[in-house]
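Peer 1: Got a sequence here, can you model it:
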Amino acid sequence: MASVLNDFLGFCCLGWPHKREAPLLTASDFPPTEKLWEGGDFLYLGSGIYYKKILFINVKASVARRELRRLQDEGFFKGRGYTDDSLTAALNAGKFRKCLQIQMLRSATVSQFDSEISKDLRPRLERTGDQGLLQAFLDYFKDKSFTTGTTLLSLWEEDNVLTGDLFPPGFNDFADAKVSQTLPSENFCRALYDMYIGPSSIVPDGRSQFAQGALELLKA
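Peer 2: From the prediction side, this is the model:
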């Protein structure tokens, strides 16, 4: 069976909510999400190419900036400097909403989706003994359809609950979306996001842009 990763194409971006509509994204075929069910308009800070997927990570600017500065004041960067490793670690550690968005550019089966997510997520969950949560996450999608244009949104709430859903092709009213997936686990949230912003990120080019975005927030 061919890897589901062969059925994706795209790039990844980090952004923050902003009232001004001035996207820095150049791939006009894939406009960024502007609002989520939790509210907030998004402006993207940077992008990195990731062959075979299109994904976005968004944060709320004011809260993210405050949290990053709190970590800075507490000495988070002391001895580390402002590197990709330290800045993305701060993004993962900060208590502010983060949203992962993945859009399917080709259809995939549920088993393909399960296989690819499990391959990268299971080892991360095993480090904390939370591998049992993986099946609960995957079970939500067992009767779903991953057709071309389907969008997966996973919002990491400030209270460490993962909320989200799978949306059909053409759906873009995320501000009024009714989501039904809920997974209360800080370890799961961290493991999921570690796939994208951690040291062994599956989107290394995007990770560098995420780090630069965090640095810009600190400077703002």
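Peer 1: The protein: strands as residue ranges?
Peer 2: Here the chain has its strands, by DSSP state E, at 11-17, 42-49, 54-59, 98-103, 151-156, 161-167, 181-184.
Peer 1: and those, which one is worst for confidence?
Peer 2: Of all those, mean pLDDT reaches its minimum on strand 11-17 (a mean of 40).
Peer 1: Where does the prediction get shaky in this structure?
Peer 2: 1-34, 39-57, 60 (pLDDT under 70).
Peer 1: Quick one: the helices in it, in order.
Peer 2: Remark: helices assigned in the chain by DSSP state H are 61-73, 84-93, 110-126, 132-139, 186-197, 204-219.
Peer 1: Please report how far the nearest residue to D85 once chain neighbours are set aside lies from L87.
Peer 2: Spatial nearest neighbour of D85, chain neighbours left out: P199 (6.2 Å); criterion: Cβ to Cβ, 6 or more residues apart in numbering. (Each C-beta comes from the backbone N, C-alpha and C, glycine too.) Between P199 and L87 the distance is 12 Å, computed by Cβ to Cβ, to the nearest Å.
Peer 1: more crowded one of these two?
Peer 2: L87 (25 against 11; other Cβ atoms under 10 Å).
Peer 1: wait, isn't that one in contact with L215?
Peer 2: Yes. With contacts defined as Cβ atoms under 8 Å, L87 counts as touching L215 at a distance of 5.8 Å.
Peer 1: and N172, how many neighbours?
Peer 2: The burial count for N172: 12, using other Cβ under 10 Å.
Peer 1: How about Y193?
Peer 2: 21.
Peer 1: burial measure for the nearest residue to L138 once chain neighbours are set aside, as a count.
Peer 2: What sits nearest to L138 in space, not counting adjacent residues and going by Cβ to Cβ, 6+ apart, is D114, at 5.1 Å. Other residues near D114 come to 19 when the count uses other Cβ under 10 Å.
Peer 1: all numbers from here: first residue = 139
Peer 2: Yep, numbering from 139; the last one is D252 now.
Peer 1: Report the separation between D252 and R262.
Peer 2: Taken as Cβ to Cβ, the span from D252 to R262 is 16 Å.
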